[in-house]
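# Everything below, folded, please.
(2 chains)
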Amino acid sequence: MIVELGHFALVLAFATALVQMVIPLIGAHYRWSGWMAVASPAATVQVLLVGFSFAALTYAFVTSDFSLRLVVLNSHTDKPMLYKVTGVWGNHEGSLLLWVLILALFGAAAAWFGSQLPTTLRARVLGVQASVGVAFYAFILFTSNPFERLAVPPFNGEDLNPLLQDPGLAFHPPFLYLGYVGLSMAFSFAVAALLEGRVDAAWGRWVRPWTLAAWLFLTIGIALGSWWAYYELGWGGFWFWDPVENASFMPWLIAAALLHSAIVVEKREALKSWTILLAILAFGFSLVGTFIVRSGVLTSVHAFANDPERGVYILAILGIFTGGALLLYAWRAPLMQAKGVFGVVSRESALVANNLLLAVSCFVVFIGTIWPLIAELLFDRKLSVGPPFFNAAFTPFVIAIAIILPLGSILPWKRGTVTTFRKMWPAAALAVAIAGLIWAIETEKSLGGPLGAALGVWLVVGAGIDLWSRTGRGALSNRLSRLTRLPGADWGKALAHGGLGITIFGVAALVAWEQEKIAVMDVGDRMELGRYEVVLEDVRRVQGPNYISTLAQMHVYEDGRDIGVLPAEKRIYPVAQMPTTEAGIDNGFTRDVYAVIGDPQQGGGWAVRVYIKPFANWIWGGAIIMALGGIVSLTDRRYRVAAGARKTAPQPVPAE
Amino acid sequence: MSRRRGWWANCPPYIAALFLSVAPVAAVQPDEVLDDPVLEGRARDISGGIRCLVCRNESIDESNADLARDLRLLIRERLVAGDSDAEVIDFLVDRYGEYVLLNPPATGSTLLLWGAPLALLLLGAGVAVAHIRGQRTAAPTDTLSEAEEARLRELTEGRGDG
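Numbering: from 1, shown residues only, chains lettered A, B, ... in the order given. Predicted coordinates:
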């Protein structure tokens, strides 16, 4: 019964979204305030309906209602409760329902906190937001209905894919979706502004927090996925340049560019039409990502037949929204007149460079991802584009961005001089000194290690200098007290830029200095790797709730000092008939010791792999600091969504 | 097993593509490792750039598939026989086509793949420089737009009514 109500609520949400799309857009065109006023309550009703629908599906999963096809395919009574809940979005249909739920939430948030927006702009934003919803509701109801019943329910389900039964991956999709869908706000604002025919500083102030929120959720989502790959896939890879990873990385890059160009719109009323274009592209890449993932067209060129209907449908959504918005852009963008003028050496110019590098680096990822398809369709060449291409083509952009970042961040708006760069001398000197030192003591000379360290130091110290220079002049104590009172945006900027430096260093260090050893070991055998010694103490079979595990205990010594026992597991999930590995990892500040138990060998013993992963945690630590920078920046009073809105209103939070 | 054939279709986005590629437990088995660490290092470098042909998107260095193991052994065999890295790679391309290379060589139409980002970068830089140098102070308009006039009327009339 509850399931039927959930299904019904979803249909009603679809109808509400239709109303929310049509009425306010017409109303805004003819300036009928009654029609425009429909938008806000409709947005609220829509989120309540789709929220109920999502709750109903969750209920079906939690109670293991095997009359529902989706629950049968993705759940099992023995599955731990956490994964029964996360199983709701661990599949195509459920994840799309989560997608529209978040979309409706963002729309409702704009309705609730947008009372200060010009009436027509608000009506248009909500109308455009609803139009995206309409497309996805139709997609769910007509091609991917999560509420499909089975005539003959089986006794038990087929279990969730074991790889997804993991805390890191369980919460990866909601964060990623908050990011993807959060960019729909930027898109709606961009299209609404094009319809309005004007963009001003207030528009920039509105778009920025939404984009910032979307970007920080994407950052967390991507970091979670990468961290999961690191500990779960059994050899400690953290980034594979897989089409699906690229699908989330492209919107991240464009969102990062958009964040920065929206600042220029807000502070200087320049780069308006470029910012609008970025906002359209950012959501466009979210849709491209959804398409890549859902259709399977790019993972394998021949996988398209897996799900032609869904793939074609998403392609149509992508074409209509991105194509339509770009046409509108071509028509209306010339109306956007820039007001602020800036010199060649200025903060604006530096942000233009930032945008150029981020946009082109996104293009590198994009073209590399789709090239196998282009080559086969146009040139009849069957080829692969893999990590070696991306590493070679993408890394120069990272280096260029990292080099100009501290220089640009310290330039004044409007017009600056190169003498400003002198402030960055200490950062440059320290970076070069540390790189030289590392080069000198490296046993195996690598270029990546010292370079990564130099860039890391340059960014972190540069962010510190930037922050310190914001405290003005005067006595040290005055400056220190001013430092604590600096606006959240300044602290957020420094944190995010420093976090980027930490991540860059972590990646470079891990790639340059990783050590690996593979051996056959019997219980009691020892293995030496660098300063470490590993003893295989015990291997036994263990029964888990819904899996059987081969559990190895590996005792690790660092320079002869006992640092504990690492449990490394190899699990078999009998229902899903899939193995997974759980690496034994000793997390450290400067290195991880990473141990994996493999297959039993014919002559006795097990294949054992041990890795030393230097500075691995810095990769995700840096990402968390970047996201933290986003959060701190969002707390800045000046950027609160409805700054100056009604006094009685609760302090608005830009995104849930 | 018929349902299993398309099982990744029902899986979440971020992971769907990893499905075939993610066979947990890394690939290289202890019995494959060469005694000479230099040769072994070269073998690992080469394997990292060779696609596992029966996997989704994975190098033979990471793959658990039998074919990947055969290729890894083949590479080691050639290296021990004294082939250079380039000779080994040519040998593989002769047999399996350029599809086997994860890093497509920049020849023919693939030049576009390498050239397009560079061209876009130069184009973008050109446009940006032209824009920055060509800016002129736009005279700020002190007249209201049509829409603003309408809104103003709406507000003032509304007040008059109240």
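# how about residue B:107, secondary structure?
coil (DSSP: H, G, I helix; E, B strand; the rest coil).
# Any chance of the backbone angles for it?
phi -130, psi 150 (degrees, to the nearest 10).
# for chain A, what spans make up the strands?
A:515-521, A:526-529, A:532-543, A:548-558, A:561-573, A:578-582, A:584-586, A:591-600, A:606-614 (DSSP state E).
# Which neighbours in the sheet does the last one have, and how are they oriented?
For strand A:606-614, sheet partners with direction are given as strand A:515-521 (antiparallel), strand A:591-600 (antiparallel), following DSSP bridges.
# Could you identify which of the ones you listed is most buried?
strand A:591-600 (a mean of 23; mean count of other C-beta atoms under 10 Å in any protein chain shown). C-betas here are computed from N, CA, C, even on glycine.
# Just the C-alphas of that one, formatted as PDB.
The C-alpha trace of strand A:591-600 is given here as PDB (Å, rounded to 0.1, in the frame of the first residue of the first chain):
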ATOM      1  CA  ARG A 591      53.000   6.700   4.600                       C
ATOM      2  CA  ASP A 592      50.500   3.900   4.500                       C
ATOM      3  CA  VAL A 593      51.500   0.200   4.800                       C
ATOM      4  CA  TYR A 594      49.100  -1.600   2.500                       C
ATOM      5  CA  ALA A 595      48.800  -5.400   2.600                       C
ATOM      6  CA  VAL A 596      46.700  -7.700   0.400                       C
ATOM      7  CA  ILE A 597      46.100 -11.400   0.600                       C
ATOM      8  CA  GLY A 598      45.700 -13.100  -2.800                       C
ATOM      9  CA  ASP A 599      44.900 -16.600  -4.100                       C
ATOM     10  CA  PRO A 600      46.200 -19.700  -2.500                       C
END
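# Off-centre distance for that strand?
Mean-position distance between strand A:591-600 and its chain equals 28 Å (C-alpha atoms, centre = their mean, to the nearest Å).
# How about stretch A:97-109?
A distance of 17 Å separates the centroid of the chain from that of stretch A:97-109, by C-alpha atoms, centre = their mean.
# Then stretch A:359-366?
Relative to the chain's own centre, stretch A:359-366 is displaced by 16 Å; criterion: C-alpha atoms, centre = their mean.
# Tabulate the strands of chain A in JSON lines, adding columns for mean pLDDT.
Formatted as JSON lines, the strands of chain A follow (pLDDT from 0 to 100):
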{"stretch": "strand A:515-521", "mean pLDDT": "88"}
{"stretch": "strand A:526-529", "mean pLDDT": "90"}
{"stretch": "strand A:532-543", "mean pLDDT": "91"}
{"stretch": "strand A:548-558", "mean pLDDT": "92"}
{"stretch": "strand A:561-573", "mean pLDDT": "89"}
{"stretch": "strand A:578-582", "mean pLDDT": "81"}
{"stretch": "strand A:584-586", "mean pLDDT": "90"}
{"stretch": "strand A:591-600", "mean pLDDT": "89"}
{"stretch": "strand A:606-614", "mean pLDDT": "90"}
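# Now chain B against chain A: closest residue?
Distance from chain A to each residue of chain B (C-beta to the nearest C-beta) is smallest for residue B:102, at 2.8 Å.
# so who does the nearest residue to that residue once chain neighbours are set aside touch?
Nearest residue to residue B:102 in three dimensions, chain neighbours excluded: residue A:386, at 2.8 Å (C-beta to C-beta, 6 or more residues apart in numbering or on different chains). By C-beta atoms under 8 Å, 6 or more residues apart in numbering or on different chains, the contact list for residue A:386 reads A:241, B:49, B:51, B:57, B:59, B:102, B:103.
# What about those, which are in helices?
Assignment to helices by DSSP state H places none of the contacts of residue A:386 there.
# pLDDT weak spots in the chain?
No chain was given, so I picked chain A. Across chain A, residues meeting the criterion (pLDDT under 70) sit at A:295-308, A:638-656.
# I was thinking of chain B, sorry if that wasn't clear
Under the criterion pLDDT under 70, the flagged ranges of chain B are B:1-27, B:136-145, B:158-162.
# mind checking how far the nearest residue to residue A:491 once chain neighbours are set aside is from residue A:162?
Among residues not flanking residue A:491 along the chain, residue A:632 sits closest, at 5.0 Å (C-beta to C-beta, 6+ apart). Counting by C-beta to C-beta, to the nearest Å, the separation of residue A:632 from residue A:162 is 37 Å.
# Same check on residue A:430?
Distance from residue A:430 to residue A:162, by C-beta to C-beta: 47 Å.
# between those two, which one's more packed in?
The residue with more neighbours, out of residue A:430 and residue A:162, is residue A:162; 21 against 16, by other C-beta atoms under 10 Å in any protein chain shown.
# so how far is chain B from that one?
9 Å (C-beta to the nearest C-beta, to the nearest Å).
# which bits of the stretch 51-200 of chain A sit near chain B?
Along the stretch 51-200 of chain A, the residues adjacent to chain B under the rule C-beta under 8 Å from any C-beta of the partner chain are A:73-74, A:89-92, A:95, A:118, A:120, A:158, A:161, A:163-164, A:169, A:172-173, A:176, A:196-198.
# 6 Å instead?
For the stretch 51-200 of chain A, the residues in contact with chain B (C-beta under 6 Å from any C-beta of the partner chain) are A:73, A:90, A:91, A:92, A:95, A:161, A:173.
# Which of these fall in helices?
Using DSSP H, those in helices are A:73, A:92, A:95, A:173.
# ok so, going back, for residue A:270, find the nearest of the strands of chain A.
Minimum separation from residue A:270 across the strands of chain A (C-beta to C-beta) falls at strand A:606-614, 43.5 Å.
# What lies in contact with that closest one?
Contact partners of strand A:606-614, identified using C-beta atoms under 6 Å, 6 or more residues apart in numbering or on different chains, comprise A:236, A:509-510, A:513-519, A:521, A:529-530, A:534, A:591-592, A:594-600, B:29-30.
# cool, stretch A:140-156 as well?
Contact with stretch A:140-156 is made by A:3, A:7, A:57, A:66-67, A:69-70, A:72, A:77, A:92-94, A:96-97, A:309-310, A:313, as judged by C-beta under 6 Å, 6+ apart.
# before we move on, what about stretch A:77-85?
Here stretch A:77-85 has contacts from A:61, A:62, A:64, A:75, A:156, A:160, A:165, A:545, A:546, using C-beta under 6 Å, 6+ apart.
# count of residues packed around the first one?
Applying other C-beta under 10 Å, we find 26 residues neighbouring residue A:61.
# And it, how close does it get to chain B?
14 Å.
# what do you get for the second one?
Distance of residue A:62 to chain B, given as C-beta to the nearest C-beta: 19 Å.
# Kindly report the same for the last one.
According to C-beta to the nearest C-beta, residue A:546 and chain B sit 17 Å apart.
# Excluding sequence neighbours, find me the nearest residue to that residue.
Using C-beta to C-beta, 6+ apart, the nearest residue to residue A:546 is residue A:78, at 4.3 Å.
# So what does the one you found look like in phi/psi?
Residue torsions, per degrees, to the nearest 10, at residue A:78 are phi -80, psi -10.
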